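**Q** Prediction below, plus the sequence it came from.
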Amino acid sequence: MNKKGVTLLELIIVMVIIGIGAVLLAPSIGNWLTIYRLKGTTRDVVSTLRTAQIKAVSSNLEYRVSFANQTFLLQRGNLSSNSTTWTDEGSAQTLPSGITMSGSLNNGSAEFNPNSTCTGGNLILTNTKGTTRTIRLTSATGRINVE
């Protein structure tokens, strides 16, 4: 007779092959996650910086992104009696676990002017494996580069 189906032995062999494949892939998935977290965080920070730059030019006000205690925050400048006060726009965003931030920004912030210039500096993001991404701000042009 022609019987259709799978024997128990065939099913066990397939499960063993899948198990071996999972054991071999597990270490590389952990490494991939740390790199993915770093890339995602870099993308989020650069996006916030570019938002500040665009808003500064379009609204003719100063904007800045403040970095402190593993968080970053978009802020709008308000000129009052020759001094600038800052108003938060949105809530502070926290860096994911395993990502640290360092760099040489002016007073821990990147300020963008209505004429498309900014304060220069570097922001370095590092993951637990030691991989880094550097975000460079060019003061004369307001350009934001990721290396």
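**A** Right, received. Where do you want to start? Residues are numbered from 1 along each chain as shown.
**Q** tell me which residues in the lowest-mean-pLDDT helix or strand in the chain are buried?
**A** Taking mean pLDDT, DSSP states H and E as the measure, the chain has strand 83-88 as its least confident helix or strand, at a mean of 87. For strand 83-88, the neighbour count (16 or more other Cβ atoms under 10 Å) marks W86 as buried. Glycine gets a C-beta too; all of them are placed from N, C-alpha and C.
**Q** next one: that strand to chain centre, how far?
**A** Strand 83-88 sits 25 Å away from the centroid of its parent chain (Cα atoms, centre = their mean, to the nearest Å).
**Q** What helices and strands are in contact with the longest strand seen in the chain?
**A** Counting by DSSP state E, the longest strand found in the chain is strand 71-80. Judged by 3 or more Cβ pairs under 8 Å, 6 or more residues apart in numbering; DSSP states H and E, the packing partners of strand 71-80 are helix 8-59, strand 63-68, strand 83-88, strand 93-94.
**Q** Distance to L105 for those - can I get that in a markdown table?
**A** Output for the helices and strands packed on strand 71-80, formatted as a markdown table (distance: least, Cβ to Cβ, whole Å):
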| stretch | distance to L105 |
| --- | --- |
| helix 8-59 | 11 |
| strand 63-68 | 6 |
| strand 83-88 | 15 |
| strand 93-94 | 16 |
